[in-house]
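Colleague: my questions concern the predicted model and sequence given below.
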Amino acid sequence: MARPLNARERLSAAQRARLRETFDELDTDGSDELDYAELKSALTSFGVKLSLKELKTAWIKADKDASSGIDFDEFCDAVETLPATLQDRQQSMKALQDKLSGGKPDEDAMCTVM
């Protein structure tokens, strides 16, 4: 039986490129992983307001291998699952969509979101 595709594998080349560009912008220390502070900063820059508990929950869900860093594959998966943890799902996804599409509405720029 074939393994299920991860989020990165389900994305088009254009979506992966936009997500990679966004990931690289958020990875301010160039480590190729987002640390907790970078995730918090990223969410704030997207206008996402999370309680400390929600932020910790988002971190734990995103850092699937518990490596204390979110790599690009985990980031792609988190883009799909993060909205379920947010207080204002529509507003945060609109901000992310605008960021990924360069400010223009573009449904292709978004991953499938629950």
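Modeller: Sure thing, it's come through.
Colleague: could you pull out the helices for the chain?
Modeller: Secondary structure of the chain (DSSP state H): helices located at 7-10, 13-26, 36-45, 52-62, 72-81, 89-100.
Colleague: show me what the third one is packed up against.
Modeller: Helix 36-45 sits against helix 13-26, helix 52-62, with contacts defined as 3 or more Cβ pairs under 8 Å, 6 or more residues apart in numbering; DSSP states H and E. From N, CA and C alone the C-beta is placed, and that goes for glycine too.
Colleague: same check, this time on the second one
Modeller: Contacts defined by 3+ Cβ pairs under 8 Å, 6+ apart place helix 13-26 against helix 36-45, helix 72-81, helix 89-100.
Colleague: can you say which of the helices of the chain is packed in most?
Modeller: Most buried of the helices of the chain, by mean neighbour count (mean count of other Cβ atoms under 10 Å): helix 72-81, with a mean of 19.
Colleague: in contact with I70: list those residues for me.
Modeller: Contacts were defined as Cβ atoms under 8 Å, 6 or more residues apart in numbering; by that measure I70 touches 33-35, 39, 59, 62-63, 78.
Colleague: let's have the helices and strands packed on helix 36-45 in a markdown table, adding distance to D71 and mean pLDDT.
Modeller: What follows is the helices and strands packed on helix 36-45, written out as a markdown table (distance: least, Cβ to Cβ, whole Å; pLDDT from 0 to 100):
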| stretch | distance to D71 | mean pLDDT |
| --- | --- | --- |
| helix 13-26 | 9 | 89 |
| helix 52-62 | 10 | 86 |
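Colleague: redo the ones you listed as a markdown table? Include distance to S101.
Modeller: Output for these, formatted as a markdown table (distance: least, Cβ to Cβ, whole Å):
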| stretch | distance to S101 |
| --- | --- |
| helix 13-26 | 7 |
| helix 52-62 | 22 |
